[in-house]
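In: Got a sequence here, can you build the structure:
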Amino acid sequence: MAGIGFELNRLAQKDNLSGVVAALFHSAFATAGPWLFTVIALAVITYLYGEGTQVPADAKILVGYGTNYNLELLHFRGIIVYNFSFTLVLSAPIFMVMTRYLADQIHVKDVTAAPAVLFETLFLTFLFNLPVGIFFYFIYFDLPLELRLVAFANMFLIASTWLLAVFLTALKDYVAITWAFVVGLSLAIAISYFVADDYHATGMLVGFNIGLAVIVFWLSARILAEYPYKLTPNFSLKPYFKRYWELMLIGFFYNGAIWIDKWIMWFAPEATLLMPSKMRFYPDYDSAMYLAYLAMVPSFAVFVFNVETQFFNHYRRFYHQILEHASLAQIRKLHKRITLSVTEGTRNLILIQGAICMVAILLAPQIFEALNIFFLQLGMFRLGVLGVFFHALLLFGTIILQYFDCRKSIMWVYAYFFFSNAIFTLIVMLFYGFQWYGYGYFMSSLTSFILGAIVLFNHLRELQYHSFITNNNSVKSHIETTATKRHEEVWH
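Out: The predicted model follows:
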């Protein structure tokens, strides 16, 4: 699944700065396209309307619909945020398992089932999101019918982008991926801007949906061109959900951890409730955290086309030599190289992410002034950036652990990330108040990173043992058979 990383690495190897810049640019859209699309579109639309979404600090309940332009824009933003968060958490268990399936098929050089699996998982994703969409837009929220329908469609378009993003890392045509997001983003912003005055929130959301639809159909066409096989029913993915149940929980816990603090903060004393729609959110906290997350994109782009590709080469050589019955001395030498690769990659990412976060924190006032953002968000943004520093390192470490198939270890690390973020955020909200908002996410990211780093480097230290014993299917089956016999002897 690191295919696009190697293509971008070749682009970055050109003897000029433009190659590196182009690799970073394309890598950003290939790895974080849906996130970038949503954050940039919301930021630009909000900026175009200036004061439109700046909620006064003492405004807890905003009443009105259809007559107040500010409320129209807030409803538009609220719907996007709700759909973005809930579709990600609900779709993650599916696309994590599908990622493993697709990686296995690429490994054995048999991707004939890829188109069928794409549409099967799209159907499953829609099925998972359907109850939530019905509850929000046809039961709980009090919205005009046309806005309900457009919001409902938006939920499924966003859910589709999460699934399509899985295939993007296996594609080699990074230019097509970038163009899809650039064209879709431009259309979303332009149409939303021109129809807002006449059609309000519904019109803006229709424009946003058109941009999303362009991306979905463009990427779908590119994926089907990459895998030009018949769409015959295929159920080979079904056993993967039982075999790799840990991946489902990994997807849920990790993406839930990203959003759990925002969901909790929607009930903070300073949060906003829109009436009569009953839509609840906290614009200051949400915006500060979304902006902070952008600090992760450059280092993630570097990770994909540089760090991961270098690690993968050492990883592949290590296991290839084991399969070729290399001597113990050779295996130990390769073990040292793979450990050194991870250590050097971590050091480089700490430097890159640290520099980005430092610049973001120091220049935060200038950034806020340029983007016309409330300075009330400044403290939350800075704590969010500090949290993103450790969050990014945690993510990179667990991606490396995925290569070693440490599913249960990753699952427990992300479970801790999820629950600690919820607990720390609740403590901050209930007992410390506004000045400390964002500290819960920061503490959760910091402690989760420490836990993840311990797991990663412990596994690397014992890599030879894990390669020959714990990840050896023949040894595992022998141990399981022996344990079963002993169990039977005890009971008989």
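In: Surely Leu273 is within a strand?
Out: Yes - with DSSP: H, G, I helix; E, B strand; the rest coil as the criterion, Leu273 is part of a strand.
In: In contact with the nearest residue to Ala268 once chain neighbours are set aside, which residues are there?
Out: The spatial neighbour of Ala268 that comes closest, neighbours along the chain excluded (C-beta to C-beta, 6 or more residues apart in numbering), is Met429 at 5.2 Å. All C-beta spots, glycine's among them, are computed from the backbone N, C-alpha and C. Residues counted as contacts of Met429 (C-beta atoms under 8 Å, 6 or more residues apart in numbering) are Ile264, Met265, Phe267, Ala268, Tyr437, Gly440.
In: Thought Pro283 was touching the fourth one, still the case?
Out: This points to Ala268. No - the criterion here is C-beta atoms under 8 Å, and Ala268 misses it with Pro283 at 11.5 Å.
In: any residues in contact with both of the two?
Out: Common neighbours of Ala268 and Pro283 (C-beta under 8 Å, 6+ apart) do not exist.
In: Among the contacts of Met429, name the buried ones.
Out: Taking 16 or more other C-beta atoms under 10 Å as the criterion, what is buried in those is Ile264, Met265, Ala268, Tyr437, Gly440.
In: one step back: which ones among the contacts of Met429 map onto helices?
Out: Ile264, Met265, Gly440 (DSSP state H).
In: I'd say the first one and Thr425 touch.
Out: I take that to be Ile264. Yes - contact criterion C-beta under 8 Å: Ile264 and Thr425 qualify, at 4.8 Å.
In: Show me whatever sits in contact with both of those two.
Out: Between them, Ile264 and Thr425 share no contacting residue under C-beta under 8 Å, 6+ apart.
In: Could you export the buried ones among the contacts of Met429 to a markdown table, including columns for distance to Phe119?
Out: Shown next, in a markdown table, are those (distance: C-beta to C-beta, whole Å):
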| residue | distance to Phe119 |
| --- | --- |
| Ile264 | 36 |
| Met265 | 37 |
| Ala268 | 41 |
| Tyr437 | 42 |
| Gly440 | 40 |
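In: What strand or helix carries Ala30?
Out: helix 17-48 (DSSP states H and E).
In: Against which helices or strands is that helix packed?
Out: helix 3-12, helix 69-107, helix 145-168, helix 174-226, helix 283-293, helix 297-302 (3 or more C-beta pairs under 8 Å, 6 or more residues apart in numbering; DSSP states H and E).
In: rerun that using 6 Å as the cut-off
Out: helix 3-12, helix 145-168, helix 174-226, helix 297-302 (3 or more C-beta pairs under 6 Å, 6 or more residues apart in numbering; DSSP states H and E).
In: Show the pLDDT at the residue nearest to Ala268.
Out: If you check Met429, the pLDDT there is 94.
In: Please apply the same query to Tyr293.
Out: Tyr293 is given a pLDDT of 90.
In: try Met155
Out: For Met155, pLDDT reads 94.
In: tally of neighbours for the nearest residue to Asn255 once chain neighbours are set aside?
Out: Leaving aside its chain neighbours, Asn255 sits nearest to Ala92 (4.3 Å; criterion: C-beta to C-beta, 6+ apart). Neighbour count of Ala92, defined by other C-beta atoms under 10 Å: 24.
In: what sits against Cys387?
Out: Residue 387: Gly, not Cys. By C-beta atoms under 6 Å, 6 or more residues apart in numbering, the residues touching Gly387 are Tyr441, Phe442, Ser445.
In: same deal with Thr346?
Out: Counting by C-beta under 6 Å, 6+ apart, Thr346 has no contacts.
In: Please compute how far the host helix or strand of it lies from its chain's middle.
Out: For Thr346, the host element (DSSP H and E) is helix 328-362. In terms of C-alpha atoms, centre = their mean, to the nearest Å, the centre of helix 328-362 is found 22 Å from the chain centre.
In: That one to helix 283-293, inter-axis angle?
Out: When axes from the mean of the first three to the mean of the last three C-alpha atoms, to 10 degrees is applied, the directions of helix 328-362 and helix 283-293 differ by 140 degrees.
In: pLDDT averaged over helix 328-362 - what is it?
Out: 90.
In: re earlier: could you tell me whether the residue nearest to Ala268 really is in a helix?
Out: Yes - under three-state DSSP, Met429 sits within a helix.
In: Just give me the neighbour total for Asn83.
Out: Neighbours of Asn83 (other C-beta under 10 Å): 26.
In: what's the answer for Lys408, then?
Out: 11.
In: Now for it: which residues touch it?
Out: Here Lys408 is in contact with Glu246 (criterion: C-beta under 6 Å, 6+ apart).
In: separation between it and Val166?
Out: Separation of Lys408 from Val166 (C-beta to C-beta, to the nearest Å): 22 Å.
In: and what of Trp412?
Out: The gap separating Trp412 from Val166 is 24 Å, by C-beta to C-beta.
In: Neighbour count: the two, which is higher?
Out: Val166 (21 against 17).
In: now the residue nearest the centre of the chain: how far from Ile331?
Out: Most central in the chain under C-alpha atoms, centre = their mean is Asn255, positioned 6.6 Å from the mean C-alpha point. Distance from Asn255 to Ile331, counting by C-beta to C-beta: 37 Å.
In: do the same with Ala301
Out: Ala301 sits 33 Å away from Ile331, going by C-beta to C-beta.
In: just to revisit the earlier point, helix or strand right after the helix holding Thr346?
Out: Per DSSP H and E, the first helix or strand lying C-terminal to helix 328-362 is helix 364-370.
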